[in-house]
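Chemist: Build the 3D model from these lines:
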Amino acid sequence: MLTTIIIFVVVLGLIVFVHELGHFFSARKLGIGVEEFGFGFPPRIAGIQKKKSSKEKNKWRIIWGGKTPPFTPETENQVIYSINWIPIGGFVKIKGEQGDKKDEADSFSSKPIWKRAIVLSAGVAMNFIFAFVLISIGFMIGTPNVLDENLPNSAQVSEEKVQVIQVQENSPAAEAGLEVGDIIISASGQKINTTDDFTNIAKPSLNNEISVVVSRTGEESEYLLTPADLNENGEGTVGVWLVETGLVKYPWYLAIWQGITTTLSIIWQIIIAFFEIIKNLIVSQSAGVDVAGPVGIAVLTGQVAKLGFIYLLNFTAIISINLGIINFIPFPALDGGRVLFLIIEKIRGRAMKEKVEAALNNIGFLVLIGLVLVVTFVDVSRFSDSIKGFFGNIFNF
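Modeler: Take a look at the predicted model:
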């Protein structure tokens with residue numbers, strides 16, 4: 001569990017850091033001042049700041065602790081690059097981001113709406129670009145994929161296996177405990193290489209118990225299933241949908257193209273999923289799916305990490321896209337909410353009052369914190385055994 005927490009911190013930290021890097025680079029490119037760019041969250045351990053003059057031998061000044069010394073002519077408008085005590089992600093402090101310093105040319109608040117919108121949107125864009133890079137790397141070294149006739153001839157396939165993609169409710173498979181993602185190793189002592197291999201064993205075994213060996217997160221287990229006539233055709237089935245998967249590798253130039261198309265496909269699927277969740281909440285007051293918060297993502301990170309590096313790579317890409325989309329929802333305190341305020345400013349012809357905008361952002365922040373706490377409570381209830389095991393190993397209870 002300790003390894004899981006470390007991996008989770010690294011994964012989340014990278015995603016947040018990349019997001020803030022998008023704000024940082026876009027602000028600098030558009031002539032907007034950046035006061036500080038930090039790795040991790042305050043309080044600050046130390047920072048460095050470049051001096052303007054090249055005549056001095058010491059071109060950088062070191063800043064210790066959280067207190068920033070007064071700016072000098074040599075350091076005015078120069079970025080402080082800092083390392084902070086909370087090692088998750090990072091932050092960027094943009095000049096005039098809170099609506100102040102409007103009279104200064106390099107202030108965020110003094111820039112045209114389109115420039116401010118680009119800076120606010122750049123974090124989300126970087127999350128998507130980061131996901132594209134990770135997915136492309138995955139295709140270069142070999143990534144899990146469904147094997148079908150659509151694979152190009154240039155694709156190299158290895159580690160082929162048969163996996164469960166759906167389990168029918170109240171079926172023999174569901175009652176035995178099979179889950180989505182399980183790898184079918186063998187059935188009735190025969191190795192399973194294709195979906196047909198399993199079907200050919202299950203069909204003639206109607207009402208006769210068969211032994212199925214399954215691999216789940218790297219551990220093999222045996223399940224006893226009795227095929228039933230679920231399709232009412234006199235043939236045995238266990239109630240699972242299977243696909244043949246393998247590690248698919250492409251030449252680098254095709255891997256990049258596959259990275260682009262796959263990233264766009266995932267973005268679209270997640271957006272559709274969010275609309276479904278919102279629709280379900282409005283219509284039936286239920287999300288309709290399990291929603292994971294920080295604790296849930298941490299547990300899932302540990303489970304994915306056990307599968308191997310390539311699975312963790314793809315998982316990180318999906319989480320990066322998820323957080324990017326969530327952050328662009330037009331809700332106060334999120335980047336999407338701030339872009340919405342800019343759109344309102346464009347329509348009205350004048351900016352919203354700073355106090356009103358600040359109040360809306362504060363309320364939005366509190367609502368988001370409340371949602372995180374609720375989801376975290378659900379996560380703790382759902383993954384209580386894993387959490388108890390972690391603390392039990394530490395405190396020996």
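Chemist: what's the spacing between residue 189 and residue 210?
Modeler: Noted for residue 189: a distance of 9 Å to residue 210, by C-beta to C-beta, to the nearest Å. No exception for glycine: its C-beta is placed from N, CA and C like everyone else's.
Chemist: Over to residue 147?
Modeler: Relative to residue 210, residue 147 is positioned 25 Å away (C-beta to C-beta).
Chemist: which one of those two has more residues nearby?
Modeler: When neighbours are counted by other C-beta atoms under 10 Å, residue 147 and residue 210 differ, and residue 210 comes out ahead with 20 against 16.
Chemist: Now do the more buried one against residue 195, distance only.
Modeler: Taking C-beta to C-beta as the measure, residue 210 falls 16 Å from residue 195.
Chemist: Counting by contacts, list what the helix or strand containing residue 279 packs against.
Modeler: In this assignment (DSSP states H and E), residue 279 forms part of helix 252-284. If contacts are counted by 3 or more C-beta pairs under 8 Å, 6 or more residues apart in numbering; DSSP states H and E, helix 252-284 sits against helix 113-141, helix 309-327.
Chemist: So which of those is nearest residue 157?
Modeler: helix 113-141 (12.3 Å; C-beta to C-beta).
Chemist: OK, contacts around residue 6?
Modeler: Residues near residue 6 by C-beta atoms under 8 Å, 6 or more residues apart in numbering: none.
Chemist: what about it, helix or strand, and which?
Modeler: In the assignment (DSSP H and E), residue 6 maps to helix 2-29.
Chemist: Quick check: mean pLDDT of the helix or strand just after that helix?
Modeler: For helix 2-29, the following helix or strand on the C-terminal side (DSSP H and E) is strand 34-50. For strand 34-50, mean pLDDT is 89.
Chemist: Please save the CA atoms from strand 34-50 in PDB.
Modeler: Extracted in PDB, the C-alpha atoms of strand 34-50 (Å, rounded to 0.1, in the frame of the first residue of the first chain):
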ATOM      1  CA  VAL A  34       4.700  35.300 -13.900                       C
ATOM      2  CA  GLU A  35       5.600  36.000 -10.300                       C
ATOM      3  CA  GLU A  36       6.300  32.400  -9.200                       C
ATOM      4  CA  PHE A  37       6.400  28.900 -10.700                       C
ATOM      5  CA  GLY A  38       6.600  26.200  -8.100                       C
ATOM      6  CA  PHE A  39       7.100  22.500  -7.900                       C
ATOM      7  CA  GLY A  40       4.800  21.200  -5.200                       C
ATOM      8  CA  PHE A  41       2.500  23.300  -3.000                       C
ATOM      9  CA  PRO A  42       3.500  25.900  -0.400                       C
ATOM     10  CA  PRO A  43       4.900  26.400   2.100                       C
ATOM     11  CA  ARG A  44       8.000  27.100   0.100                       C
ATOM     12  CA  ILE A  45      11.300  25.400   0.900                       C
ATOM     13  CA  ALA A  46      13.500  27.500  -1.300                       C
ATOM     14  CA  GLY A  47      13.400  29.300  -4.600                       C
ATOM     15  CA  ILE A  48      15.800  30.900  -7.100                       C
ATOM     16  CA  GLN A  49      15.300  34.000  -9.200                       C
ATOM     17  CA  LYS A  50      17.400  35.200 -12.100                       C
END
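Chemist: contact partners of the next helix or strand after that strand?
Modeler: With elements assigned by DSSP H and E, the helix or strand that comes after strand 34-50 is strand 60-64. For strand 60-64, the external contacting residues (C-beta under 8 Å, 6+ apart) are 44, 46, 47, 48, 49, 50, 51, 69, 75, 80, 82.
Chemist: Please identify the buried residues of the very next helix or strand once past strand 60-64?
Modeler: Sequence order places strand 80-94 as the next helix or strand after strand 60-64, per DSSP H and E. By neighbour count with 16 or more other C-beta atoms under 10 Å, strand 80-94 contains the buried residues 80, 81, 82, 84, 88, 89, 90, 91, 92, 93, 94.
Chemist: Show me how far strand 80-94 is from its chain's centre.
Modeler: Distance, stretch centre to chain centre, for strand 80-94: 20 Å (C-alpha atoms, centre = their mean, to the nearest Å).
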